[in-house]
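Asker: 3D, please:
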Amino acid sequence: MVGTPIGIQVLCTNPNYVIQCNFPLFLISFFSNMEVQILCTKLIKPYIPTPPHLRTLKLSPIDQLKYPIKAAILLYYSVDGSNGSTEEVERRRMDRLETSLSETLTRLYPLAGRYIKDGNWVDCNDEGVEFFVAKVKGCRLSEFLSRRDEMIDQLSHLVGGEFTSPIVSIQISMFDCGGLVMGFRLCHYLFDAFSSISFITSRASTARRRRGGGVRMDEGVIWPTFGMASILPLPENDSDLLNKMKPMPCLMGIDNYVTRRLVFDNAEISELKARAHDPSFPRQPSRVEVVSLVTTLIWRARMRVSRAKHGRLRTSVASHSMNLRPRIVPPLPPWSFGNLQSRVKARFTAAESGGTTELPVPVPVPELKVLVGLLMDSITKSKETIVGREDVFPTLLRTRNESNEAAEKGEADLFMFTSWCRFPFYQMDFGWGKPVWLSRIPWAYQFTFLLDAEDGDGIEAWVCFNKQDMPLFLQDEDILPFTSKPNPSGHMVI
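Answerer: Purely as a prediction, here's the structure:
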């Protein structure tokens, strides 16, 4: 990467936009003929100022459990065939995106505020959402997507604001061909996957209405419920629960990890189904079962990596995220905003495999169907468990502490998974069509994200591993078929 600072001054008279002028502008080189040029950055305020009585938002105890990161989501849009020059199309798009964001923030006003660490609250002061505008030079979007697996480690340049104070940062990166990438960074203190999709859906519907075309005024409009601190408070008999939180394991830093993307198409998922179930299984697997198949395949491969490192098969836990909202009684208000995800844990104890001591012949890892059964049993039990509002925080705290403590002591291997499959990210139409791809960016933790593939049937697995172990993982007998094939664009998945 090469960065060359130059200067720029931007003027704006719209009172809803605050533009930082005379800031450095950087040219970021990805490869020989491609650069990302940051044109300007703005702070977009709510269209209508937030009233004084809504100025303070106390974070719920659950939100306070989350790690201080800004998670990234990137949506990729191809050329829409709009009339006019590329410059005219870009100008209309930017105007629509900025104005619709300002209108959306009127309803989602805390997102324009600032998080106050001392006290764990949000000052809803309307300082604004950070908004970057960038230009991608020397490459068409189609060319970029054809080399996406070569570019995974560079995707963070398409979404700025990782370490800045705004709760939300958005970067629009425009290609010469008319395509663009819309990158979001969302503070984990306020956002889980459900809240993220609520915000982006509301933004997209507002942008479409500004373009016209017969969109109903109420279509996609979301009025979220904030204030989970009062709805899900700490138990009265144990108000000191927050002090019982176990710290997360120490991370080694982004330079010690590498992320790779595996693509499982529909035919390959059918093969996994045959391995994990009786071939005469009378129905097609649900999406949850499909996600479980991919999860357990990766879990099994990571167990082999662990066995190779430690000389024996170790106890391991697969921990998967699950939306807690449908299980809470009494039911929460619609579009409850915040972090309301629990974790489902499937545990394989090495003793059950026939031995835990070091042997001349390594103890084999369990069959795929065994791990699928463990995970599906855990998911089923979790779905059937109803949680009272007063028990939500103690339940989540216990789950988090168990995971962190086990990982820190090294008693078991902990493999973390999150699935965004069937979240409607591929339906996010801002007025120029739906995205052609969805991605994350690399992160500094051993974690696996599962996303819907472009065709809607397959699954992409974004696997993060430390650099020393990733080669062994990619050569695993279960994983190798997915690392030695072309991806849909004709390039190798590496």
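Asker: only C-alpha atoms for contact and neighbour calcs from this point on.
Answerer: Fine.
Asker: for residue 37, which residues make a bridge with it?
Answerer: residue 27, residue 135 (DSSP bridges).
Asker: Show me where the stretch 351-494 of the chain has its helices.
Answerer: For the stretch 351-494 of the chain, helices defined by DSSP state H, counting those that start in this stretch occupy the ranges 368-384, 389-409, 470-474, 480-483.
Asker: what's the closest of those to residue 46?
Answerer: Nearest of these to residue 46, taken as CA to CA: helix 389-409 at 31.7 Å.
Asker: elements contacting the closest one?
Answerer: Packing partners of helix 389-409 (3 or more CA pairs under 8 Å, 6 or more residues apart in numbering; DSSP states H and E): strand 328-329, strand 341-348, strand 413-419.
Asker: distance between stretch 175-182 and the chain's centre?
Answerer: When distances are taken as CA atoms, centre = their mean, to the nearest Å, stretch 175-182 is centred 22 Å away from the chain's centroid.
Asker: Please work out which residues outside it touch it.
Answerer: The contact list for stretch 175-182 (CA atoms under 8 Å, 6 or more residues apart in numbering) reads 74-80, 86, 89-90, 135-141, 158-159, 170-174.
Asker: Buried residues, that stretch. List them.
Answerer: Going by neighbour count (16 or more other CA atoms under 10 Å), the buried part of stretch 175-182 is 175, 176, 178, 179, 180, 181, 182.
Asker: Farthest pair within those?
Answerer: Across those, the longest distance by CA to CA is 15.0 Å; it joins 176 and 182.
Asker: export the helices and strands packed on helix 389-409 to JSON lines and tack on distance to residue 52?
Answerer: Listed next are these as JSON lines, based on distance: least, CA to CA, whole Å:
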{"stretch": "strand 328-329", "distance to residue 52": "31"}
{"stretch": "strand 341-348", "distance to residue 52": "31"}
{"stretch": "strand 413-419", "distance to residue 52": "38"}
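Asker: Closest one of the buried residues of stretch 175-182 to residue 152?
Answerer: Closest approach to residue 152 among the buried residues of stretch 175-182 (CA to CA): residue 181, at 14.2 Å.
Asker: what's the spacing between the residue lying closest to that closest one once chain neighbours are set aside and residue 292?
Answerer: Distances taken as CA to CA, 6 or more residues apart in numbering put residue 76 closest to residue 181, at 4.5 Å, once the chain neighbours are dropped. Residue 76 sits 27 Å away from residue 292, going by CA to CA, to the nearest Å.
Asker: Next: residue 46.
Answerer: Distance, residue 46 to residue 292, using CA to CA: 41 Å.
Asker: Could you do residue 261 as well?
Answerer: Distance, residue 261 to residue 292, by CA to CA: 17 Å.
Asker: beta partners for the residue lying closest to residue 375 once chain neighbours are set aside?
Answerer: Excluding its sequence neighbours, the residue lying closest to residue 375 (CA to CA, 6+ apart) is residue 346, at 5.1 Å. On the basis of DSSP bridges, residue 346 is bridged to residue 318.
Asker: Could you pull up the residues touching residue 346?
Answerer: By CA under 8 Å, 6+ apart, residue 346 lies in contact with 317, 318, 319, 374, 375, 378.
Asker: how much space between it and residue 161?
Answerer: Taking CA to CA as the measure, residue 346 falls 35 Å from residue 161.
Asker: Likewise for residue 418?
Answerer: Applying CA to CA, the value for residue 418 to residue 161 is 23 Å.
Asker: And residue 383, by the same measure?
Answerer: Counting by CA to CA, the gap from residue 383 to residue 161 is 36 Å.
Asker: For these two, indicate the residue with more neighbours.
Answerer: residue 161 (21 against 14; other CA atoms under 10 Å).
Asker: and residue 110, which of the three is it?
Answerer: Secondary structure assignment for residue 110 (DSSP: H, G, I helix; E, B strand; the rest coil): helix.
Asker: pretty sure it contacts residue 57?
Answerer: Yes. Using CA atoms under 8 Å, residue 110 is in contact with residue 57, at 7.3 Å.
Asker: Can you pull the phi/psi pair for residue 300?
Answerer: Reported as degrees, to the nearest 10, the phi and psi values for residue 300 are phi -60, psi -40.
Asker: Let me fix that, I meant to ask about residue 66.
Answerer: phi -80, psi 160.
Asker: Assess the claim that it and residue 191 are in contact.
Answerer: No. Between residue 66 and residue 191 there is no contact under CA under 8 Å: 9.5 Å.
Asker: Between the two, point out the one with more neighbours.
Answerer: The neighbour count for residue 66 versus residue 191, taken as other CA under 10 Å, is higher for residue 191 (24 against 16).
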